[in-house]
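In: attaching a predicted model along with its sequence, questions to come.
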Amino acid sequence: MATVEYKSIGKSFGAFNIMRDISFQIADRQFVVLLGPSGCGKTTLLRMTAGLESVSEGDLMISGRRVNDVHPRDRDIAMVFQNYALYPTMKVYENIAFSLEVAKRPAAEIKQRVERAAEILNLTPYLQRYPKELSGGQRQRVAMGRAMVREAAVFLFDEPLSNLDAKLRAHMRTEIRQLHNRLGTTTIYVTHDQIEAMTMADTIVVMRAGKIEQIGSPDDVYDRPASKYVADFIGGSAINFLSGVVVADQGGPAADTKAGRIKLDPALTARPGQRVICGLRPTDVTVDPEGLIAARSMLVERMGHDAQLCCEGPEGQFLAIIDKAARFEAGAEVRFAIAPEKVHVFDAESESRL
Amino acid sequence: MSTIQVRRFAISDSPWPWLFPLVALLMVFTIYPLIYNIWLSFHEFLPRKRTLAFVGFSNWIQLWNDTRFWGALGVTFIYFIIALTCEIVLGMAIALLLDAELPGFGVLRAVLSMTLVIPPAIAGMMFLLMEDPQFGVITYFLNELGLLAKGTPILSTSSLALAGVMVAEIWQWTPFMVLIFLAGLRALPAEPYEAAMIDGASAVQMFRRLTLPMMSRVIAVAVLLRGIDLFRVFDYVFVMTSGGPGTATYTLSLYAWQQTFSNLKWGYGATLSLVSLAIIMVLANLFIKLFKVRW
């Protein structure tokens, strides 16, 4: 049973404030992903949780206890570092056993726990090797093993997959999530990779410049991004933005953009004349000769199962995911349609969702 | 298939033409004197006839039966082991304390290296004065602390003289160890320590399980450099006690020097210096093998 709670957390380096008023709660057994570009403060927040970085303001609670001034070893946490931070002069076995050894556990228990962790992580054949004799994926698993044997209340992951190649990354993603399902340990996972966030998280915390932009389930942040920034950050292909002005169309509101008129969700509370930004996901737009949105086709990028049509729109590149059998002539005008409820509308000033 | 050897600075495919000047200098100034020394150890200088006479193994036999040689060897070993241990332990302790980015630490590190600028013979003279029974500052404080009876001359008391010399040695060379250890400590990665903090290791456990193993190569190189230097100690002893009182501080180098240049026993002096060379070589290679030092 472990919860983590951030109450108005702030962080300053000297006079330089990099984070302010971070508040949210993580329930027991949850897998929370802190997502954002580099420099957004996600790693700093994780390191503060671990106790490797001091908390400048606010209260950091783990399982209801304020831990701001508690030493890392007494916080009941385990951490996996970005470059693994394995002990270079110890063998794999000793690396995994280290926390148990310093806690003076009986030798038999240490052996049993290390061997169990090694079995779960498929590390048994490598226990007598040194870290430098392992591949990146194996080192990554040793780092996981080291965290696992501690049986800590909270797992902290700092971009653990960023040094692996694409295929291994996808594989480890599944493994980490399965491990979480099995152990049920409350987990905070930092990444800049939105695919990792989408595939692994129960809850995603999107961060930007030391502030929280949105907290929600993967579906929430994808289907209802709270701001233009979130809409831009989440999603496999870059979302298309078109700025326009709200007008009253027959049957509901619409936005007039340079690419054409876009019908909006009738439930939307937008007043005519309001300047807005429409976000259109490449997966939501369809090629339709009757469509109201126009762009000039440039290039088709084949991605195996489907293809991406790159067009020149009035505000830069316009992308659409299309059937890979479709053919487009470069330079020809293509018309697109989109269902009104699929259009994400943001206020042009505040860039937040309407 | 062998891998291509990485050379950090390569002008041509073959290093030999470029190494020729070095090899030539080594031949003239190191290899030739060594061979001559070996040859000399089977001869003895006859001052009256002003010639060298072949004496066979008599220098070597004399050495084996020479109690002064064995005494000097013992003194050298005691000096070597105690001074080396003190310099390593003190050097590491100070390096660990100085391993931080705090205001003033840069100045401290710079001040620390100042002892290395002083010529060892001068440092010896300084300590000779500081250990003077009448006005020496070290003597004064030892007297005040009740650790030394008033009027006891440190450097002329057989039980204290060697320690008196070692103080100068340790004072001058501990900073050398500090500098080497600091360079090593500062190059260590931070992440394993963060992981160890979370794993719950104490400062002592981190030092024993992380710092010492990761520093082993640096320590080994420092020990090797200082060890060789310590084994041939000459200047401090020569300046401070000249080997006395009696033979209490007679080291191997000092004894070889005395035999060669005072007693003009060139052959026996050569034999003595060859023995110290052999001991240093055996010890150093044993150490390199044992601690897997890579050059």
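Out: Perfect, I can see it now.
In: need the per-residue pLDDT for residue 125.
Out: You didn't say which chain, so I picked chain A. For residue A:125, the pLDDT comes out at 92.
In: that's the wrong chain, I wanted chain B
Out: 94.
In: can you check residue B:81 too?
Out: For residue B:81, the model assigns a pLDDT of 94.
In: wait, what's in contact with it?
Out: Contacts for residue B:81 (CB atoms under 8 Å, 6 or more residues apart in numbering or on different chains) come out as none. For every residue, glycine as well, the C-beta is placed using N, CA and C.
In: run the chain-centre distance for the helix or strand that residue B:87 is a member of.
Out: Residue B:87 belongs to helix B:67-98 when assigned by DSSP states H and E. Going by CA atoms, centre = their mean, to the nearest Å, the spacing between the C-alpha centre of helix B:67-98 and its chain's C-alpha centre is 8 Å.
In: and if you look at stretch A:223-234?
Out: With CA atoms, centre = their mean, you get 12 Å for stretch A:223-234.
In: and it, what's buried?
Out: A:225-231, A:233-234 (16 or more other CB atoms under 10 Å in any protein chain shown).
In: residue B:197: which of the residues you listed is nearest?
Out: Using CB to CB, residue A:233 comes nearest to residue B:197 of the buried residues of stretch A:223-234, at 32.3 Å.
In: test my guess that the closest one contacts residue A:37.
Out: Yes. The criterion here is CB atoms under 8 Å, and residue A:233 meets it with residue A:37 at 7.4 Å.
In: just for the stretch 1-150 of chain A, where's the confidence low?
Out: A:1 (pLDDT under 70).
In: can you pull the residues of it lying near chain B?
Out: A:50-52, A:71-73, A:77-79, A:81, A:83-90, A:98-99, A:102-103, A:146, A:150 (CB under 8 Å from any CB of the partner chain).
In: residue in the stretch 101-250 of chain A nearest to chain B?
Out: residue A:102 (4.7 Å; CB to the nearest CB).
In: burial of that residue, as a residue count?
Out: 17 (other CB atoms under 10 Å in any protein chain shown).
In: that one and residue B:205, how far apart?
Out: 5 Å (CB to CB, to the nearest Å).
In: and the pLDDT for the residue lying closest to residue B:260 once chain neighbours are set aside?
Out: Nearest non-adjacent residue to residue B:260, counting by CB to CB, 6 or more residues apart in numbering or on different chains: residue B:269, 2.9 Å away. With respect to pLDDT, residue B:269 scores 91.
In: do residue B:10 as well
Out: Residue B:10 is given a pLDDT of 67.
In: quick one: mean pLDDT for the helix ranked longest in chain A?
Out: Ordering each helix of chain A by length in residues (DSSP state H) puts helix A:166-183 first. Mean pLDDT, helix A:166-183: 87.
In: swap in stretch B:94-105?
Out: 87.
In: list the buried residues for that stretch?
Out: In stretch B:94-105, counting by 16+ other CB under 10 Å, buried: B:94-96, B:98.
In: if we can go back for a sec, mind checking how far the following helix or strand past the longest helix of chain A is from the chain centre?
Out: The C-terminal neighbour of helix A:166-183 among helices and strands, as given by DSSP H and E, is strand A:186-191. How far strand A:186-191 lies from its chain's middle: 9 Å, per CA atoms, centre = their mean.
In: need the helices for the stretch 51-200 of chain B, in chain order.
Out: For the stretch 51-200 of chain B, the helices defined by DSSP state H, counting those that start in this stretch occupy B:58-65, B:67-98, B:105-112, B:120-130, B:137-144, B:158-186, B:191-199.
In: out of those helices, deepest packed?
Out: Among the helices of the stretch 51-200 of chain B, the stretch with the highest mean neighbour count (mean count of other CB atoms under 10 Å in any protein chain shown) is helix B:191-199, at a mean of 22.
In: that one and chain A, any residue contact?
Out: Yes. Under the criterion of CB under 8 Å from any CB, helix B:191-199 makes contact with chain A via B:191-192, B:194-199.
In: what sits up against that helix?
Out: A:50-52, A:71-73, A:77-79, A:81, A:83-88, A:98-99, A:102, A:146, A:150, B:205-206, B:209-210, B:214.
In: same check, this time on stretch B:118-137
Out: B:115, B:138-139, B:151-155, B:164-165, B:167-168, B:171-172, B:235-236, B:238-240.
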